[in-house]
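1. Build the 3D model from these lines:
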Amino acid sequence: MPDRAAGDEPQKVFVKSYGCQMNVYDSARMVDSLAGAGFSETAVIEDADLVILNTCHIREKASEKIFSELGKIKLLKQDRLASGKNTTIAVAGCVAQAEGGEILRRQKAVDLVVGPQNYHRLPDLVARARATPHIVDTEFPAEQKFDFLPHASAQVTRARGVSAFVTIQEGCDKFCSFCVVPYTRGAETSRTPQQILEEISILARAGVREVTLLGQNVNAYHGENPDGSVVSLAGLANMVAKIPGICRIRYTTSHPNDMADDLLEAHATQKALMPFLHLPVQSGSDRILSAMNRRHTARAYIELIRRVRASRPDIALSSDFIVGFPGETEEDFLETLKLIEYVGYASTFSFKYSPRPGTPGADLTDQVPEDVKQDRLRKLQDLVERQRAQFNQAMLGRRISILLEKAGRLAGQIVGKTPYLQTVQVNADSSMIGEVVDVIISRVGTNSLFGEMIRTGDNAGARRLENV
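-> The predicted structure is shown next:
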């Protein structure tokens with residue numbers, strides 16, 4: 001196959017991410033890793049010498065969507081090949097890990113399939129795939145994957161705004177019966193506090209004000225210090241809060257069984273830790289929770305919510321729900337609606353159950369009919385949408401802090417975020433991007449809030465969060 005000769009202009013890589021924020025972060029890791037091999041990122045797929053699809057296996061029919069996309073990229077590859085340019089196609093992420101060689105069998109244009117555990121080898125794998133296409137690398141290596149992250153200084157190139165995602169933990173040991181993560185991401189592994197703090201410090205110097213700490217089971221974080229002592233997520237959050245320039249800290253995604261007492265205390269005392277918690281429950285039926293291998297009951301989840309709210313009364317909650325898990329009856333579904341009514345959520349993510357190959361749930365025989373799943377999903381989404389709208393409407397007339405993030409669509413308009421991840425449109429000068437300001441919410445739209453900035457001395461420059 002034709003290829004660019006050494007010494008030609010830098011080659012270009014196009015990466016498309018699907019699914020969770022962990023994948024977004026991983027895509028940044030891949031681009032950083034490839035930069036050392038002479039690649040620069042492009043947003044135009046037609047210009048790319050290397051195309052990477054960073055896939056997610058959570059959504060329904062994820063594999064089929066990837067194969068549909070690969071069919072389009074195959075045509076692009078053929079067009080570029082006709083003009084003497086080679087396009088290497090790689091599939092990464094959880095679909096790559098789960099499907100492996102099946103991807104190569106179904107789509108011959110793919111040159112490389114690489115799992116999430118092996119991104120540190122990507123430059124070498126791409127070179128090998130160009131010499132001998134059809135490489136699959138989805139083995140779980142014995143070495144510590146975080147040891148191979150690019151040096152923190154490289155992360156500055158990924159700081160394209162005032163907010164950044166930082167992976168602190170990967171993998172999961174929970175083995176929920178519907179989930180592929182333990183099989184595609186492996187066992188729970190935590191980065192050291194030193195690695196994380198170094199990366200965030202450099203991001204802060206590049207203008208980042210808010211960090212979201214990422215992990216498949218992030219509140220199980222247990223980073224080890226050089227002296228062997230272990231740091232919890234709460235301890236790490238307190239360390240991050242001391243980094244100059246960082247004023248907001250978030251984390252996702254959590255498991256109810258790992259909400260430790262010190263993390264609840266951190267929500268009560270650490271003002272930089274935002275009063276917004278994503279805490280998936282999946283179902284309100286104890287029978288279905290047991291079948292899902294969630295290892296907690298609906299009552300235990302509700303009691304945890306009470307404790308969370310006692311620690312931080314102004315906290316808002318989001319969650320994940322799956323409808324139509326095998327064996328779910330109408331009574332089970334109504335229990336889920338009752339839980340949602342009781343808790344009250346600011347936002348949610350909800351899905352119809354679909355079997356994931358290799359998971360215990362895929363082998364269950366009492367699958368729920370598709371039309372029943374669709375009807376239940378509609379009812380659940382109607383309920384949580386009403387709750388979301390009510391939460392947003394309650395902001396009207398309220399004074400709240402927002403972090404100004406980027407220019408809006410209209411001249412003189414800046415987009416900011418509340419502590420609750422709500423988008424707020426406000427008239428402000430672009431020089432104020434990166435500042436935390438107080439606004440009065442003057443209007444509530446369908447997807448955004450609109451605010452009037454309170455012009456006081458407190459708003460001049462970066463300040464600590466108050467009146468959230």
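2. buried stuff in stretch 340-356?
-> Residues of stretch 340-356 classed as buried: Ile340, Val343, Tyr345, Ala346, Ser347, Thr348, Ser350, Phe351, Lys352, Tyr353, Ser354, Arg356 (neighbour count, 16 or more other Cβ atoms under 10 Å). (Glycine included, C-beta is placed from N, CA and C.)
3. Now do the helices for the protein: every range, in order, please.
-> Across the chain, reading from the start of the chain, the helices by DSSP state H fall at 21-35, 62-82, 93-99, 101-106, 122-131, 181-184, 193-205, 233-241, 261-269, 286-291, 298-311, 330-343, 370-393.
4. Let me know which of the ones you listed is the nearest to Leu404.
-> Between Leu404 and the helices of the chain, the tightest spacing by Cβ to Cβ is seen for helix 193-205, at 16.5 Å.
5. Quick check: buried residues in that closest one?
-> Burial within helix 193-205, assessed by neighbour count using 16+ other Cβ under 10 Å, is assigned to Pro193, Gln195, Ile196, Leu197, Glu199, Ile200, Ser201, Ile202, Leu203, Ala204.
6. centre of the chain versus it, how much separation?
-> Computed by Cα atoms, centre = their mean, to the nearest Å, the separation of helix 193-205 from the middle of its chain amounts to 19 Å.
7. If we ignore the residues flanking it in sequence, what's nearest Asn238?
-> Using Cβ to Cβ, 6 or more residues apart in numbering and skipping residues adjacent in sequence, the residue nearest Asn238 is Gln270, 6.0 Å away.
8. again with Ala43
-> When the adjacent residues along the chain are set aside, Ala43 lies closest to Phe14, with 7.3 Å between them (Cβ to Cβ, 6+ apart).
9. How many residues are close by that neighbour?
-> Neighbourhood size, Phe14 [other Cβ atoms under 10 Å]: 21.
10. what's the pLDDT at the spatially closest residue to Leu122 that is not a sequence neighbour?
-> Leaving out its chain neighbours, the residue that sits closest to Leu122 by Cβ to Cβ, 6+ apart is Ser33, at 5.2 Å. In the predicted model, Ser33 carries a pLDDT score of 85.
11. my read: Ser33 touches Tyr119, true?
-> Yes: taking Cβ atoms under 8 Å as the contact criterion, Ser33 and Tyr119 are neighbours in contact, 6.5 Å apart.
12. Could you identify the most distant pair in the buried residues of stretch 340-356?
-> Taking Cβ to Cβ as the measure, the buried residues of stretch 340-356 span a maximum distance of 28.1 Å, between Ala346 and Arg356.
13. per-residue confidence for Val44?
-> Here the pLDDT value assigned to Val44 is 94.
14. shouldn't it be in contact with Phe14?
-> Yes: taking Cβ under 8 Å as the definition, Val44 is a contact partner of Phe14 at 7.2 Å.
15. Would you mind telling me which of Ser33 and Tyr119 has more residues around it?
-> Set side by side, Ser33 and Tyr119 give different neighbour counts by other Cβ under 10 Å, the larger being at Tyr119 (24 against 21).
16. Next up, the contacts around the more buried one.
-> Under the criterion of Cβ atoms under 8 Å, 6 or more residues apart in numbering, the contact list for Tyr119 reads Asp26, Arg29, Met30, Ser33, Ala92, Phe148.
17. just those now: which is nearest Lys74?
-> Of all the contacts of Tyr119, Ala92 has the smallest distance to Lys74: 17.2 Å, by Cβ to Cβ.
18. wouldn't that closest one be in contact with Met30 here?
-> Yes: here Ala92 lies in contact with Met30, judged by Cβ under 8 Å, at a distance of 6.9 Å.
19. Identify the contacts common to the two.
-> By Cβ under 8 Å, 6+ apart, the residues touching both Ala92 and Met30 are Ile52, Asn54, Tyr119.
20. Make JSON lines out of the residues you listed and add distance to Thr253 and pLDDT.
-> Listed next are the shared contacts of Ala92 and Met30 as JSON lines, based on distance: Cβ to Cβ, whole Å; pLDDT from 0 to 100:
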{"residue": "Ile52", "distance to Thr253": "24", "pLDDT": "95"}
{"residue": "Asn54", "distance to Thr253": "18", "pLDDT": "92"}
{"residue": "Tyr119", "distance to Thr253": "20", "pLDDT": "83"}
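21. Can you pick out the ones from these that are in strands?
-> Using DSSP state E, the subset of the shared contacts of Ala92 and Met30 located in strands is Ile52, Asn54.
22. which of the shared contacts of Ala92 and Met30 lies closest to Leu396?
-> Asn54 (39.1 Å).
23. Next up, the contacts around that closest one.
-> By Cβ under 8 Å, 6+ apart, the contact list for Asn54 reads Val15, Lys16, Ser17, Tyr18, Asn23, Asp26, Ser27, Met30, Ala92, Gly93.
24. repeat for Gly101
-> Val113, Val136.
25. May I see the buried residues of helix 193-205 arranged in CSV, with distance to Leu75 and pLDDT as well?
-> Supplementary listing: those in CSV, determined by distance: Cβ to Cβ, whole Å; pLDDT from 0 to 100:
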residue, distance to Leu75, pLDDT
Pro193, 47, 97
Gln195, 42, 94
Ile196, 42, 96
Leu197, 46, 97
Glu199, 39, 92
Ile200, 42, 95
Ser201, 45, 95
Ile202, 41, 93
Leu203, 39, 93
Ala204, 44, 95
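26. which one of those is nearest Ala164?
-> Nearest to Ala164 out of the buried residues of helix 193-205 is Leu203 (Cβ to Cβ; 5.0 Å).
27. Name the nearest of the buried residues of helix 193-205 relative to Cys179.
-> Relative to Cys179, and with distances defined as Cβ to Cβ, the nearest of the buried residues of helix 193-205 is Ile196, at 25.1 Å.
28. and the closest residue to the closest one other than its chain neighbours, how many neighbours?
-> With Cβ to Cβ, 6+ apart as the criterion, Ile196 has its nearest non-adjacent residue at 5.4 Å, and that residue is Ile168. Residue neighbour count, defined by other Cβ under 10 Å, stands at 25 for Ile168.
29. Need the pLDDT of Ile168.
-> In this model, Ile168 is scored at 95, pLDDT.
30. Tell me which residues touch it, please.
-> Counting by Cβ under 8 Å, 6+ apart, Ile168 has contacts Ser190, Arg191, Ile196, Leu213, Leu214, Gly215, Val218, Tyr221, Gly223, Leu233, Leu236.
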